[in-house]
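Visitor: fold the following.
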Amino acid sequence: MRDRTVMTVDITALVVGCQKPEYTRALTTEVLDCRPMDWQDIIREGRLAKKLSQARLAKEVGTSQATIAKIELKQVESTAHLARLIEVLGLDPTLFPEGAQDGRPAQAVRQAPMPVPDFARDPAYWAAAAGLVGDVPLFASAEGGEGSLIIERDPIGTVRRPPALQGVKDGYAIYLVGESMSPEFEPGDTLMVNPRLPGLSATPCVFYSGAGDEPRAMVKRLIGSSAEAWRVQQFNPARTFELSRDAWPTCHRIVSKDFRK
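Guide: Residues are numbered from 1 along each chain as shown. Model prediction:
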């Protein structure tokens, strides 16, 4: 019998947050420091707890995604949408300071920060908030013509995080349509993507277009690259061609797949 050695990775996080975690305790994350939370942190963590995108939350509240982003980035001291945000996210109104309900721009002097709850010192919470543990978001795709895909902006659900994405922030999955990569990838397969790994020769990747309103993508095998283009391969019909880096600037590596069921 072969001796199998299990390697573990220690993850250290510097954290800020405010929502109670729903994950079991993880031993791989050490919290070095907890900074006090502002009311904007409560909004952000409440959105993550509800698994809402900024765009989806904005639609529920009746505002723009830009407004939600400014709140979470603490670019405003107050907002006229606070009451609706509290209602949609199911938050405790008593957690929010006076003066947070109007719309004034951020000032140089900030309100006193809120104290950190005990649960915010749980390492498992911050590993989950950082996207290092738990499920990964699943995005739907539609055929975009000539072997390309249109990727939905908001996830349609989540899938269990595979070993290849353990400890990877921003990992995600794509529900594949189209047969251009058959038999390597079939329609209905779920592709697991690590956006933090660079594309390597002879590895399958997702390439994203930098133009248009809808995220357009191509799932192809990377053959090689230059400063001007990616050289890629597809299998059905079999052909090798180039994608301009100007038109397709982003490359994410596919690390595993779940077969269609």
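
Visitor: SS state for residue 59?
Guide: Secondary structure assignment for residue 59 (DSSP: H, G, I helix; E, B strand; the rest coil): helix.

Visitor: give me the number of residues near it?
Guide: Using other C-beta atoms under 10 Å, residue 59 is surrounded by 16 other residues. The way it works is simple: take the backbone N, C-alpha and C, and place the C-beta from them, glycine included.

Visitor: that one and residue 82, how far apart?
Guide: Shown here: residue 59 relative to residue 82, a distance of 17 Å by C-beta to C-beta, to the nearest Å.

Visitor: cool, residue 226 as well?
Guide: On the measure of C-beta to C-beta, residue 226 and residue 82 end up 51 Å apart.

Visitor: more neighbours, the two?
Guide: residue 82 (20 against 9).

Visitor: shouldn't the more buried one be in contact with residue 99?
Guide: No - in this structure residue 82 lies outside contact range of residue 99 using C-beta atoms under 8 Å: 10.2 Å.

Visitor: who are the contact partners of residue 54?
Guide: 47, 65, 68-69, 72 (C-beta atoms under 8 Å, 6 or more residues apart in numbering).

Visitor: how about 7 Å then?
Guide: If you count contacts by C-beta atoms under 7 Å, 6 or more residues apart in numbering, residue 54 has them with 65, 68-69.

Visitor: so which of the residues you listed wins on neighbours?
Guide: Going by other C-beta under 10 Å, residue 68 tops these with 25 neighbours.

Visitor: does that residue touch residue 56 like I think?
Guide: No - between residue 68 and residue 56 there is no contact under C-beta atoms under 7 Å: 9.5 Å.

Visitor: could I get the pLDDT score of the residue nearest the centre of the chain?
Guide: Residue closest to the mean C-alpha point of the chain, counted by C-alpha atoms, centre = their mean, is residue 170 at 4.1 Å. Listed pLDDT for residue 170 reads 85.

Visitor: confirm for me that it is in contact with residue 197.
Guide: No - assessed by C-beta under 7 Å, residue 170 is found out of contact with residue 197, at 11.3 Å.

Visitor: residue 57: neighbouring residues, count only.
Guide: Residue 57 has 24 nearby residues by other C-beta under 10 Å.

Visitor: how distant is the helix or strand hosting residue 207 from the center of its chain?
Guide: For residue 207, the element it lies in under DSSP states H and E is strand 203-208. What separates the centre of strand 203-208 from the centre of its chain is 17 Å, taken as C-alpha atoms, centre = their mean, to the nearest Å.

Visitor: ok, it: who's next to it in the sheet?
Guide: Note on strand 203-208: by DSSP bridges, its sheet partners are strand 216-225 (antiparallel), strand 250-258 (antiparallel).

Visitor: and it, what's buried?
Guide: The neighbour-count check on strand 203-208 (16 or more other C-beta atoms under 10 Å) flags 204-208 as buried.

Visitor: can you redo these as CSV with distance to residue 140 and pLDDT?
Guide: Listed next are these as CSV, based on distance: C-beta to C-beta, whole Å; pLDDT from 0 to 100:
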residue, distance to residue 140, pLDDT
204, 19, 95
205, 19, 95
206, 14, 94
207, 18, 94
208, 16, 92
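
Visitor: who's in contact with the closest residue to residue 51 other than its chain neighbours?
Guide: Spatial nearest neighbour of residue 51, excluding adjacent residues (C-beta to C-beta, 6 or more residues apart in numbering): residue 158 at 7.3 Å. Contact analysis of residue 158 by C-beta under 7 Å, 6+ apart lists 135-138.

Visitor: could you redo the last one with a cut-off of 6 Å?
Guide: By C-beta atoms under 6 Å, 6 or more residues apart in numbering, residue 158 lies in contact with 135, 137-138.
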